[in-house]
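[1] can't give you the sequence, but here's the structure:
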């Protein structure tokens, strides 16, 4: 039988030792009325060869369309070594490193991960990862409310340019604790800083800003950061780590820098994989680390004075603090964070920089090719990193359908999330998209738009 | 044995990956960063060696028996990983149209169905990304249910004192008040105390069954009846589902909502702390509140069920739909087990636990609940040994590492002093269990003959015991380049 090593003679010897006649007797504490005959409706077992055939068929069925969609998940090249090493059994099949002496591998990887994220974001300390970028944002909001003892507010000012998925997940996770997200409007693809004149930063525990924002634009990070700090609000900076290879990190925004940064780690060597597993990162200033949720690894010494690594500051966590913990989180995304650490180690600052510049150049090339068509314009002029918003003279959905039937994922239709932008499409061309790919997209688009012109 | 930090391989200009020349970014100069982030400059071989060596400093299921109670460290079949990593699955964009996702969506739909059948619930959503997020979804649904009926005063969640810490922490996150109730000496819930705390403020109760004491809660039908009669709902923490798979259904026990740790019962890897997956199942009355998205089948086509179809949904818990890659692994595992294999999971998990418990009892160890059957796990208490030799459960745990065994869960549940919570899982052979008993006996003998030797363990690991106090008092959480900061 699959994955059970017992032979008939093992079973009879074990039952004899227990003094029971049958394995079924071991379930005699379950009330008779609750015992079932079995799992009716579950099919028969498949062999390894059969399940392999089935999964390959299903995978092939979905095809491999050419991807120009970003919107929170990005198609980057992942060097072969990354997952080859990350899926070694010693990483893959280990548990949370509770027994530090027998888990130095995972612990040191996380310490290196923490160092890399702190450095990329320009902040002091990082945790060991959270589920994804959206939950990391929700945890950042909760953390900010706990950490801001000055404003004692339960409101967070969130720019509407921040990812709709992040805002929705935060709304769900903050609702029970009566923390309110107040929206800051958009103007010309960035947060409307004039709208700040009608608001007071002192009313907010924190101000949350994404840069590059969900619409791809470089947002008004310095103005917003300084405005928040002027009223005692903390600043939560949300950033794509790939962009941080080039752009000023949250820790350097405004005069004093963001206090907390978080984001989706997927671009760091993690396949798009239908949305997960990814990892969320969360970093902060040293003085508020005790409000941080999730696992944190520290370097210490053993009884011979040799350096070693261990989970630390655990008094924040649910297994110690129970109902008064900083969060209910227990599991993190250890294996995915391991892969990201290997990815960042291979790429180094120069490799990330190279990828980031190519993404920027490719998206510019795509935007140039598409806006050359009649009926396609840029939605706003703000500088962008590797995503941009295009406006069409017709509904986006029909255009995407035609592209999709030609094997192209043409981008993310913004009309549901941002009706104020009209027929708007968010496009992205990572370093993976060649000039030929971009021409293929433009070619089909020209058939669509050319016909209408 | 210690491995240098990857940053210490620094050699200016060395690259681990040839990414090609930079393009010229079209970005305003004031938006660019002036400093270079501290990332490694190491060759590909140096990176590969570094992380391979680090992996070798880990215990794992693939290398050691890992009887960590409540964590279900069963074998993670390699084929599950290989098939979840087929290039089309890895390359699928989460926002891709359903036309480019029928294979994936069908797989997710069938996984929902198998989990629904295996737990006896009415519907399943796969979106929660770990057990604790499944708990959050469950309590949020319970709250949403009461609110939808105008029953707004119900804000108390009842939690047994033996529960995992995530239960009370989750209730707090959902804005509920936690009411803790005690356990009787025989390990079952104190039902009289439960009657006292039930009332018009009761939102629900969170139970693990079998409990964290490794015991099946024999009064579950009565508990369900009185909680429901008081207007509350029942939450099933699926951490211990491995003990009852194919034997009894949480749905039949009267639970209204459950989470399943796919990284326990359904064998997806723990990966050094994650990713997990905390799929939730609900009874009919909670169906409108399920977290979205999940997969529905309409006219033979698989599509996403969203807020549009379920306007009362508690909403979204992840940017897309949970840990898809983990879900694919669980699907492969379940299809390979099939009905017969799934029914055998609990058989052999429980056989192994009872066998190990009896062997240890016969070897003279104090079993916490000797009159009870073990479920898939059980507790021994080392209190008398600790009193007589000063060798504690922690010392036993560290000594086991030198014998090549991962330690069981220590000091949890909090009710039993000096305890080890031991869960062998169905993956282990009788031979492995016997060897584990022999190791514990040997450690105990050493505790009486030479206690200092046990207290010095481990001596064969890459490091000796670590200074946790220093780690917390002088936190060193990121590496600083020499001369920096």
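    Received, thanks. Just so you know, these numbers come straight off a predicted model, no measurement behind them.
[2] and the contacts of the strand or helix carrying residue A:12?
    Remark: residue A:12 resides in helix A:8-18, with elements defined by DSSP states H and E. With Cβ atoms under 8 Å, 6 or more residues apart in numbering or on different chains as the test, helix A:8-18 has contacts from A:6, A:21, A:22, A:23, A:26, B:351, B:354, B:355, B:358, B:359, B:429, B:430. C-beta coordinates here come from the backbone N, C-alpha and C atoms, glycine included.
[3] determine which two of those are furthest apart.
    A:21 and B:429 (22.1 Å; Cβ to Cβ).
[4] so for the two, which residue has more residues nearby?
    With neighbours defined as other Cβ atoms under 10 Å in any protein chain shown, residue A:21 and residue B:429 compare such that residue B:429 has more, 16 against 9.
[5] the more buried one is in contact with residue B:65, isn't it?
    No: proximity of residue B:429 to residue B:65 does not meet the contact threshold set by Cβ atoms under 8 Å, at 9.6 Å.
[6] report the contact partners of residue A:450.
    A:373, A:374.
[7] hmm, 7 Å instead?
    Residue A:450 makes contacts with residue A:373, as judged by Cβ atoms under 7 Å, 6 or more residues apart in numbering or on different chains.
[8] state the helix or strand in which it lies.
    Residue A:450 belongs to helix A:435-452 when assigned by DSSP H and E.
[9] quick check, residue A:182 in a strand?
    Yes: inclusion of residue A:182 in a strand is indicated when DSSP: H, G, I helix; E, B strand; the rest coil is applied.
[10] what's around it, how many residues?
    Residues near residue A:182, counting by other Cβ under 10 Å: 12.
[11] can you tell me how far it is from chain B?
    Noted for residue A:182: a distance of 18 Å to chain B, by Cβ to the nearest Cβ, to the nearest Å.
[12] quick check: the gap between that residue and residue A:195.
    To residue A:195, residue A:182 is 11 Å away according to Cβ to Cβ, to the nearest Å.
[13] now residue B:99
    The gap separating residue B:99 from residue A:195 is 40 Å, by Cβ to Cβ.
[14] okay, the two: which has more neighbours?
    For residue B:99 versus residue A:195, neighbours defined as other Cβ under 10 Å are more numerous around residue A:195 (16 against 13).
[15] what's the distance between the more buried one and chain B?
    For residue A:195 relative to chain B (Cβ to the nearest Cβ), the value is 22 Å.
[16] tell me, how many residues neighbour the closest residue to that residue other than its chain neighbours?
    Excluding the flanking residues, the one nearest residue A:195 by Cβ to Cβ, 6 or more residues apart in numbering or on different chains is residue A:185, at 5.2 Å. Neighbourhood size, residue A:185 [other Cβ under 10 Å]: 12.
[17] so for residue A:185, what's the pLDDT?
    Model confidence at residue A:185, given as pLDDT, is 96.
[18] who are the contact partners of it?
    A:160, A:192, A:195.
[19] next: residue A:164.
    A:214, A:417 are the contacts of residue A:164 under Cβ under 7 Å, 6+ apart.
[20] next: the one 5 residues further on.
    Contacts here follow Cβ under 7 Å, 6+ apart; on that basis residue A:169 touches A:134, A:135, A:138, B:316, B:317, B:318, B:319.
[21] again, only using 6 Å
    The neighbours of residue A:169, taking Cβ atoms under 6 Å, 6 or more residues apart in numbering or on different chains as the test, are A:134, A:138, B:316.
[22] now which of those would you call buried?
    When the contacts of residue A:169 are checked for burial by 16 or more other Cβ atoms under 10 Å in any protein chain shown, the buried set is A:134, A:138, B:316.
[23] show the subsequent helix or strand relative to the helix holding residue A:12.
    Counting by DSSP H and E, the next helix or strand C-terminal to helix A:8-18 is helix A:48-62.
[24] which strands and helices lie in contact with that following helix?
    The contact analysis (3 or more Cβ pairs under 6 Å, 6 or more residues apart in numbering or on different chains; DSSP states H and E) places helix A:48-62 against helix B:87-91, helix B:102-119, helix B:324-362.
[25] for chain B, which spans come out with low pLDDT?
    Counting by pLDDT under 70, chain B has low-confidence residues at B:1, B:484-485.
[26] strands along that one, start to end?
    With DSSP state E as the criterion, chain B has strands at B:123-125, B:156-160, B:177-181, B:202-208, B:233-238, B:257-260, B:280-282, B:294-298, B:301-305, B:366-367, B:378-381, B:409-410, B:419-422.
[27] same question for the third one: list its buried residues.
    Buried residues in strand B:177-181, counting neighbours by 16+ other Cβ under 10 Å, are found at B:178, B:179, B:180, B:181.
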